[in-house]
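Engineer: coordinates only, sequence not included:
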């Protein structure tokens, strides 16, 4: 099994990357001015109250001991308790993910559909006026900030036409799936439009490479139509570079949800992070950042493995490196 050693190396790299990320998160937060215990104190706190608050959050301990205590909690899948609410961080993140993950995955799926259609059309019809128009729109979409797109959609479909909610999420979460999905329509479209503009460029470039390849010309010479030749011979080769970009874009979508959730007042992972920053709640901040980092690393891992499953040449290189 030539892939097994490579999988083990990639898993080891994932673990090391996560540990390094944890160290960076911990150190950067401790470099911020002020004591984490300040989140629990009033302006006129007494020395006794300050000492009690520091003992509660553990900031009275040496930094190395604080880190290893936190890392030990991570090994037990314990993200600690919020400094403000004293509630466990892990269940709170899990409830927030019920909004952020559907938002991310739905936006990613819509963006993928749009980018494939636009990118392939722009490449195949590059000599037509609408092919150039599609390429121009994808270039323009990259320069447009995601929050600006969200504001325009809210102004048009919520405030103007009144057919969609401008923000918020049902209090009963997903008990009414139709209402929950309705609340996600504008945020999903916002992310998908911006994300598809970037993806369409890569799909167009990959399709142009396939169209200029010798194997596709050979297939066309053998009597295959363009669509059949692309599906049978070009799809796998064109997908290899795009899969790597998809992993990056999916990670970017999750991270970009911080801005979109703020625009649409969604109580997801992004709003939890912003609230934690405002309140100097280090437990919440660390928990959200670690979970987000793990998501990014897992997506990169899956995308890397996917590339090797699609392209036999990469599997061969893995075997050759044994």
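Structural biologist: Perfect, I can see it now. On a predicted model such as this, the values are computed, not experimentally measured, just so you know.

Engineer: going forward, measure contacts between C-alpha atoms and count neighbours the same way
Structural biologist: Fine.

Engineer: Pull out the buried positions in the helix or strand hosting residue 94.
Structural biologist: Using DSSP states H and E, residue 94 falls within helix 89-124. By neighbour count with 16 or more other Cα atoms under 10 Å, helix 89-124 contains the buried residues 89-90, 92-93, 96-97, 99-101, 103-104, 106-108, 110-112, 114-116, 118-124.

Engineer: Equivalent analysis for stretch 158-175, please.
Structural biologist: Going by neighbour count (16+ other Cα under 10 Å), the buried part of stretch 158-175 is 158, 164, 165, 166, 167, 168, 169, 170.

Engineer: Now do the contacts for the fourth one.
Structural biologist: Just to be clear, that refers to residue 166. Each residue near residue 166 by Cα atoms under 8 Å, 6 or more residues apart in numbering is listed here: 154, 158, 159, 186, 264.

Engineer: In helices only, show me those.
Structural biologist: Using DSSP state H, the subset of these located in helices is residue 186.

Engineer: check which helix or strand covers residue 290.
Structural biologist: Using DSSP H and E, residue 290 sits within helix 282-310.

Engineer: Same question for residue 205.
Structural biologist: Assigned by DSSP H and E, residue 205 falls in helix 177-211.

Engineer: If we go by neighbour counts, what in that helix is buried?
Structural biologist: Those would be 180-181, 183-208, 210-211, for helix 177-211 by 16+ other Cα under 10 Å.

Engineer: for it, what is the average pLDDT?
Structural biologist: Mean pLDDT, helix 177-211: 84.

Engineer: if we can go back for a sec, so which other helices or strands are in contact with the helix holding residue 290?
Structural biologist: Counting contacts by 3 or more Cα pairs under 8 Å, 6 or more residues apart in numbering; DSSP states H and E, helix 282-310 packs against helix 3-31, helix 89-124, helix 235-263, helix 269-279, helix 312-320.

Engineer: among these, which gets the worst mean confidence?
Structural biologist: Note on these: helix 312-320 shows the lowest mean pLDDT, a mean of 53.

Engineer: In strands, which of the buried residues of stretch 158-175 appear?
Structural biologist: Among those, no member is found in strands (DSSP state E).
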